[in-house]
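*Asks:* what's the 3D shape of this:
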Amino acid sequence: MEEQKKEPLTKQASVTTNAMKYLFELDDEDLNNEKWIPPFLQKHVNKYAREGRKVFDQLMDASDRSEKSSDEHIEVRKEIEHVAKTFMTVKKQLDKYKGGIKKFKKDIGEMNKGTQDSAYFINNSIYGSQFDAFHIDKNGLFNFVSIPENTPKELDAVMGAAKDVYMKTGEWGMPIGGSLKLHELPGIVTEPYGMKNHVMKLANKTKVDKDSGKGFDKQWTYTSTLDKLTQAGPTATIGMAFADLASDNQTKSFAEMYEEGMKEEYYKHPDTGEELPEGLLWMKDPANSDVVSKLLSKYIANVMQDVHGPTINEDTGQVKTTRSQMAQDLIKKYSK
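*Replies:* Numbers count the residues shown, from 1 in each chain. Just a heads-up that it's a prediction; the model follows:
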């Protein structure tokens, strides 16, 4: 039999594989050591410090030679302060980078399906030491270039030179990839345990109210959930949309139900009534979290109404729906 040739790994698969290997072998003691600098960063930080020190000494000399009351002296002192500040910024960036590695290693184990593929790739690239180019700018901020796809062949000849230019100047002139500062890295969406706990408490409260004969306040349930989602932020909202809210590994997430087909009301913008996009990519975008939070709040309020059970017709005092009928209705409730 002919041996089958293995398909080469895609850039994303290769970056992820190598990043996981790097992170697994990374010693946590190093990450907790204030003096430890990742090997790839040492040469960049040392070079930045040497060049910065040279500029600092030149400025100090110019300051000593200038009249203390002159405009020149004032400008030189400002530049001296700026250089000194960049040294402190580099130290803070190092700490932020190492803290980012620790957080990413933790988040991987709790990563939610709402995480964008591009965000996962970028975090692997940066924290897994798989980026394409690195630069410390004049303010001491860390900048990275990570190219998501294989370089088109026509760019192969100039890509190496472009990386060299970037490492020296921070200018990225290629039509693919892009420069990112450390604080601009997209976040990883993790399981929203706080919000899931809120839903469980809502369910328990609803059951208690039902057993004690209290009515169900759908508007309060909706508003309460929306307030909690708003306070928790976009990441928690996205996480909730893709989470198993019952935590039983069987219940479909809101996102899964949306993709498979729900009632038409869930495909309308809650404020404008416009049609919402197909698929789930839009739900993973933090810019759309406001819309997602309102849809989720409506969905959760409807679920809690189901938990409360059949309601009473205030005019007749009769149960509106029998329990057997309600069970059948629930099966159909969220499908088309």
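*Asks:* what about stretch 239-249, how long is it end to end?
*Replies:* 15 Å (CA to CA, to the nearest Å).
*Asks:* Which residues belonging to it are considered buried?
*Replies:* Judged by neighbour count (16 or more other CB atoms under 10 Å), stretch 239-249 contains these buried residues: 239-243, 245. Every residue, glycine included, has its C-beta placed from N, CA and C.
*Asks:* what does stretch 24-41 give?
*Replies:* Within stretch 24-41, the residues that count as buried by 16+ other CB under 10 Å are 26, 37-38, 41.
*Asks:* Run a quick neighbour tally on residue 164.
*Replies:* Look at residue 164: counted by other CB atoms under 10 Å, it has 11 neighbours.
*Asks:* Please state the backbone phi and psi of the residue most central in space within the chain?
*Replies:* Closest residue to the average C-alpha location of the chain: residue 187 at 2.1 Å, with CA atoms, centre = their mean. Phi and psi for residue 187, reported as degrees, to the nearest 10, are phi -80, psi 160.
*Asks:* Contacts only, for it.
*Replies:* Applying CB atoms under 8 Å, 6 or more residues apart in numbering to residue 187 gives the contacts 119, 235.
*Asks:* Mind giving me the packing neighbours of the longest helix belonging to the chain?
*Replies:* Looking across the chain with DSSP state H, the single longest helix is helix 71-108. In terms of contacts (3 or more CB pairs under 8 Å, 6 or more residues apart in numbering; DSSP states H and E), helix 71-108 is packed against helix 11-25, helix 28-31, helix 39-65, helix 117-127.
*Asks:* buried residues in that helix?
*Replies:* Neighbour-count burial for helix 71-108 flags 73, 76-77, 80, 83, 86, 89-90, 93-94, 97-98, 100-101, 104-105, 107-108 (criterion: 16+ other CB under 10 Å).
*Asks:* For residue 52, give me its contacts.
*Replies:* Residue 52 touches 83, 86-87, counting by CB under 8 Å, 6+ apart.
*Asks:* cutoff 10 Å now
*Replies:* The contact partners of residue 52, by CB atoms under 10 Å, 6 or more residues apart in numbering, come to 83-84, 86-87, 90, 136, 138, 140.
*Asks:* re the thing from before, can you tell me which of the buried residues of stretch 239-249 lies closest to residue 60?
*Replies:* The shortest gap between residue 60 and any of the buried residues of stretch 239-249 belongs to residue 239, at 51.6 Å (CB to CB).
*Asks:* Name the nearest residue to that closest one, sequence neighbours excluded.
*Replies:* Among residues not flanking residue 239 along the chain, residue 192 sits closest, at 3.7 Å (CB to CB, 6 or more residues apart in numbering).
*Asks:* do you know how far that neighbour is from residue 179?
*Replies:* 31 Å (CB to CB, to the nearest Å).
*Asks:* So which of the two has more stuff around it?
*Replies:* Neighbour totals were compared for residue 192 and residue 179, and residue 192 leads with 26 against 16 (other CB under 10 Å).
*Asks:* Make sure the more buried one is actually in contact with residue 114.
*Replies:* Yes: if you go by CB atoms under 10 Å, residue 192 and residue 114 touch, sitting 9.0 Å apart.
*Asks:* shared neighbours, the two?
*Replies:* Common neighbours of residue 192 and residue 114 (CB under 10 Å, 6+ apart) are 235-243.
*Asks:* Tell me where the stretch 151-300 of the chain has strands.
*Replies:* Ranges of strands in the stretch 151-300 of the chain, per DSSP state E, counting those that start in this stretch, are 179-181.
*Asks:* Low-confidence ranges, it, go.
*Replies:* Scanning the stretch 151-300 of the chain for pLDDT under 70 picks out no residues.
*Asks:* Which neighbouring residues are in contact with residue 243, exactly?
*Replies:* Residues in contact with residue 243, defined by CB under 10 Å, 6+ apart, are 112-114, 189, 191-193, 195-196, 199, 236, 251, 253-255.
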